[in-house]
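Chemist: have a look at this prediction, sequence included:
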Amino acid sequence: MPQNQATAGKRFWLSKTFWINLLAIIALVVQSYTGFVISLEAQTSILAALNVALRLMTKEPINWDVSHDKAQ
């Protein structure tokens, strides 16, 4: 069955960008508990570079339509 525009794409948890950003949030929490802090400029630069790299690798959009899962 071919996918149309409404159902094309992948679920958000299959997105590398989602996982990288979740890891960034976890790193922020770990920093606050351990006291090992990377400078704000370094954190921003690293996250921005990773997001640009991931954007260049992106092949398909995220599908936020929950009914997409039920249809399969």
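Modeler: Received it, and whenever you're ready, just let me know what you need.
Chemist: all contacts plus neighbour counts: C-alpha atoms, from now on.
Modeler: Will do.
Chemist: quick one, what contacts residue 24?
Modeler: residue 47 (Cα atoms under 8 Å, 6 or more residues apart in numbering).
Chemist: please apply the same query to the one 3 residues further on.
Modeler: Not one residue lies near residue 27 by Cα under 8 Å, 6+ apart.
Chemist: begin at 4 from now on, thanks
Modeler: Shifting the count to begin at 4 puts that one at residue 30.
Chemist: so it is in which element?
Modeler: According to DSSP states H and E, residue 30 maps onto helix 19-37.
Chemist: and residue 33, how many neighbours does it have?
Modeler: 13 (other Cα atoms under 10 Å).
Chemist: re the thing from before, which parts of the helix holding residue 30 are buried?
Modeler: With burial defined by 16 or more other Cα atoms under 10 Å, the residues of helix 19-37 counted as buried are 20, 27.
Chemist: now stretch 49-56
Modeler: residue 54.
Chemist: per-residue confidence averaged over the helix holding residue 30?
Modeler: Averaged over helix 19-37, pLDDT sits at 92.
Chemist: show me what secondary structure element comes after that helix.
Modeler: helix 43-60.
Chemist: quick check: phi and psi on residue 18?
Modeler: phi -90, psi 130 (degrees, to the nearest 10).
Chemist: residues in contact with it?
Modeler: residue 65.
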